[in-house]
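Visitor: below: sequence and its predicted model.
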Amino acid sequence: MRLTVFGLGYLGLTHAVCMAELGHEVLGVEVDEAKVARLQAGDVPFYEPGLADLLTKHLDTGLLVISTSYRQAAEWGDVFFIAVGTPQKKGESAADLRYVEAVVDNLAPLVDRDVLVLGKSTVPVGTCAKLVERVRARSQGADIEIAWNPEFLREGFAIEDTLQPDRIVLGRRPSGRAEALTRELYADILRHDTPFILTDPETAELVKVSANAFLATKISFINAIAEVCEAVGADVRAVADAIGYDARIGRRYLNAGIGFGGGCLPKDIRAFMARAGELGASEALTFLREVDNVNMRRRTRMVDVVRGACHGSLLGVNVGILGAAFKPDSDDVRDSPALNVAGQLQLQGASVTVYDPKAIENSKAIFPTLSYAASADDACENADVVMVLTEWPEFVRIDPDDLSALVRTKTIVDGRLCLDRQRWSGCGWTYLT
Ligand code: UGA
């Protein structure tokens, strides 16, 4: 099939490349000309394992073409994906839909035949219905059907999650062609008995935000239990392991630590609360405010732990921070708990040096005043406190004895509960969480 993907960020680029991998002819449209030039040269502007290889492969096969042109898009094929960002509005909790709206506003007047638009971006419930109205007002007589096909990919596993998803969800009005076209589009995936959930657009929109709200809740749940464990000297990792064996609970997303960040979970739970408020159902989601509170408290608590280890003052203290990305296998630092903690420590007088295998450049752009090191060893030199704030495998593998010679004081703060407490303590380190 010939398809178009609007927006070549994390979601859109992965989707475009994976659709080419499925054998479709894909046009990726991006308004940022500098980004288009990089992508056309096979250069992915963010770190995602395997994506650069697949991009190069399909620029070479010719199955993927990248452009800035809406006119070219309008003529390309009959299925259009919206994969642009829906960031948090400045100074508000709600999602900013201007990029999603711009796609349909630009496309609708150019289309001269019946087409299908599939939304992938995470949007507040009711967005699809509003876009249908918008398109009606702008189209030149063509029948532009809009349906919602949310995406559930995780950074770091983006290709795998797209090509072998847990499920495909389609929210559409039954009278249209969306179901038939979507089945054809994903035929190779559906062949492997992937669940296909066919529903209305409102439900599909809600599936996506509910999934992220649930994941955020699960993380904050275990972090709330961690607070109680800390009060009584209990071991939250053992609690998570033990309750995780119950198949109804499950062990995944029960890793306590400095909490969740990134470009999705934090903004999505806030947008969900804002939308529920607009719908007169705000009470239903007040618990998400607490989920957000527990999460943010983890960051301040980390700072308190370091201050406590330094006898109440951070002035003149050297802190080596290992990890800046919001999670491993990513260079994304949007709402990164690690950088947030680094920034707070610096504001309170500490001298902070950060190392991350992939996220240094992005970190510098938003926190230029922190010091950055070229290796974990460099970051830890003369440190009074070493902190692991993103659980990159290379940090988990560090030999405490090797680090001992570099630091001023052997204090390690395990912000992701990813280190072997006994090993570090056995090597004479003060191990804190
Ligand atoms: C999240 C969802 O997992 C995806 O399903 C969804 O498609 C995506 O958002 C999106 O809406 O686009 P992602 O932001 O890539 O994916 O990150 P996650 O792997 O979910 O991790 C989010 C944060 O939670 C990270 O900071 C991570 O360190 C933290 N986390 C995760 C924990 O603190 N504990 C855990 O047990 C798991």
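Guide: Structure received.
Visitor: what does the chain put close to the ligand?
Guide: Contact residues (CB under 6 Å from any ligand atom) of the chain with the ligand: 122, 151-155, 212, 215, 219, 253-255, 257, 259-262, 264-265, 326-327. C-beta: built from backbone N, CA, C; applies to glycine.
Visitor: PyMOL command for the buried members of the residues you listed?
Guide: A single PyMOL command selects the buried members of the residues of the chain next to the ligand (16 or more other CB atoms under 10 Å):
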select buried, resi 122+151+152+153+155+212+215+219+253+254+255+257+259+260+261+262+264+265+326+327
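Visitor: which of the residues of the chain next to the ligand fall in helices?
Guide: Those of the residues of the chain next to the ligand mapping onto helices are 212, 215, 219, 265, per DSSP state H.
Visitor: without its sequence neighbours, what residue ends up closest to the third one?
Guide: Counting by CB to CB, 6 or more residues apart in numbering, the nearest residue to residue 219 once its immediate chain neighbours are dropped is residue 260, at 5.0 Å.
Visitor: contacting residues for that neighbour?
Guide: 215, 216, 219, 220, 266, 295, 326, 337 (CB atoms under 8 Å, 6 or more residues apart in numbering).
Visitor: do you know how far the second one is from residue 290?
Guide: Residue 216 is 11 Å from residue 290, where distance means CB to CB, to the nearest Å.
Visitor: gap between the residue of the stretch 51-200 of the chain found nearest the ligand and residue 194?
Guide: Nearest to the ligand, among the residues of the stretch 51-200 of the chain, is residue 155, at 3.6 Å (CB to the nearest ligand atom). As judged by CB to CB, residue 155 and residue 194 stand 21 Å apart.
Visitor: got it, and residue 286?
Guide: According to CB to CB, residue 286 stands 35 Å off from residue 194.
Visitor: looking at the two, which is more packed in?
Guide: Between residue 286 and residue 194, residue 194 has the larger neighbour count (other CB atoms under 10 Å), namely 14 against 10.
Visitor: wait, the more buried one sits on residue 165?
Guide: Yes: if you go by CB atoms under 8 Å, residue 194 and residue 165 touch, sitting 6.2 Å apart.
Visitor: can you pull the buried residues of stretch 282-299?
Guide: Buried, per 16+ other CB under 10 Å, within stretch 282-299: 285, 288, 291, 292, 294, 295, 297, 298, 299.
Visitor: so how far is that stretch from its chain's centroid?
Guide: From the chain centre to the centre of stretch 282-299 is a distance of 18 Å (CA atoms, centre = their mean, to the nearest Å).
Visitor: can you check stretch 62-75 too?
Guide: Remark: stretch 62-75 is offset 27 Å from the chain centroid, using CA atoms, centre = their mean.
Visitor: other residues contacting it?
Guide: By CB under 8 Å, 6+ apart, stretch 62-75 touches 4, 6, 8, 16-17, 20, 23-31, 33, 36, 39-40, 55, 58-59, 80, 106-107, 110-112.
Visitor: what residues are up against residue 139?
Guide: 108, 109, 111 are the contacts of residue 139 under CB under 8 Å, 6+ apart.
Visitor: show me what whichever strand or helix holds residue 15 is packed against.
Guide: Using DSSP states H and E, residue 15 sits in helix 10-21. If you count contacts as 3 or more CB pairs under 8 Å, 6 or more residues apart in numbering; DSSP states H and E, helix 10-21 packs onto strand 2-6, strand 25-29, helix 51-61, strand 64-67, helix 158-163.
Visitor: could these go into TSV alongside mean neighbour count?
Guide: Formatted as TSV, the helices and strands packed on helix 10-21 follow (neighbours: other CB atoms under 10 Å):
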stretch	mean neighbour count
strand 2-6	25
strand 25-29	24
helix 51-61	17
strand 64-67	20
helix 158-163	19
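Visitor: could you dump those to TSV with distance to residue 246?
Guide: Listed next are those as TSV, based on distance: least, CB to CB, whole Å:
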stretch	distance to residue 246
strand 2-6	40
strand 25-29	43
helix 51-61	36
strand 64-67	44
helix 158-163	25
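Visitor: in CSV: these, plus mean pLDDT and distance to residue 240.
Guide: Shown next, in CSV, are the helices and strands packed on helix 10-21 (pLDDT from 0 to 100; distance: least, CB to CB, whole Å):
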stretch, mean pLDDT, distance to residue 240
strand 2-6, 98, 38
strand 25-29, 98, 40
helix 51-61, 98, 31
strand 64-67, 98, 41
helix 158-163, 97, 23
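Visitor: ok, residue 341 to the ligand distance?
Guide: Separation of residue 341 from the ligand (CB to the nearest ligand atom, to the nearest Å): 12 Å.
Visitor: ok so, going back, identify those among the buried residues of stretch 282-299 that sit within strands.
Guide: Among those, none falls in strands (DSSP state E).
Visitor: list the ones among those residues that fall in helices.
Guide: Mapping these onto helices (DSSP H) picks out 288, 291, 292, 294, 295, 297, 298, 299.
Visitor: what about the stretch 251-400 of the chain, any weak spots by pLDDT?
Guide: For the stretch 251-400 of the chain, no stretch has pLDDT under 70.
Visitor: quick one: the helices in it?
Guide: For the stretch 251-400 of the chain, the helices defined by DSSP state H, counting those that start in this stretch cover 265-278, 286-309, 337-347, 360-366, 376-380, 393-396, 400-404.
Visitor: give the buried residues for the fifth one.
Guide: Neighbour counts over helix 376-380 (16+ other CB under 10 Å) mark 376, 379, 380 as buried.
Visitor: same deal with the third one?
Guide: By neighbour count on 16+ other CB under 10 Å, the buried set for helix 337-347 is 337, 338, 339, 340, 341, 342, 343, 344, 345, 346.
Visitor: what's near enough to touch the closest residue in space to the second one that isn't next to it in sequence?
Guide: Right, residue 338. Leaving aside its chain neighbours, residue 338 sits nearest to residue 389 (3.5 Å; criterion: CB to CB, 6+ apart). By CB under 8 Å, 6+ apart, the residues touching residue 389 are 258, 302, 321, 322, 323, 324, 337, 338, 341, 342, 415, 416.
Visitor: so which of these is the closest to the ligand?
Guide: Closest approach to the ligand among the contacts of residue 389 (CB to the nearest ligand atom): residue 337, at 6.3 Å.
Visitor: what sits closest to that closest one if chain neighbours are left out?
Guide: residue 258 is the one closest to residue 337 (CB to CB, 6+ apart), at 4.2 Å.
Visitor: likewise residue 150?
Guide: Leaving aside its sequence neighbours, residue 150 sits nearest to residue 208 (CB to CB, 6+ apart; 3.7 Å).
Visitor: next: residue 209.
Guide: Leaving out its chain neighbours, the residue that sits closest to residue 209 by CB to CB, 6+ apart is residue 272, at 4.7 Å.
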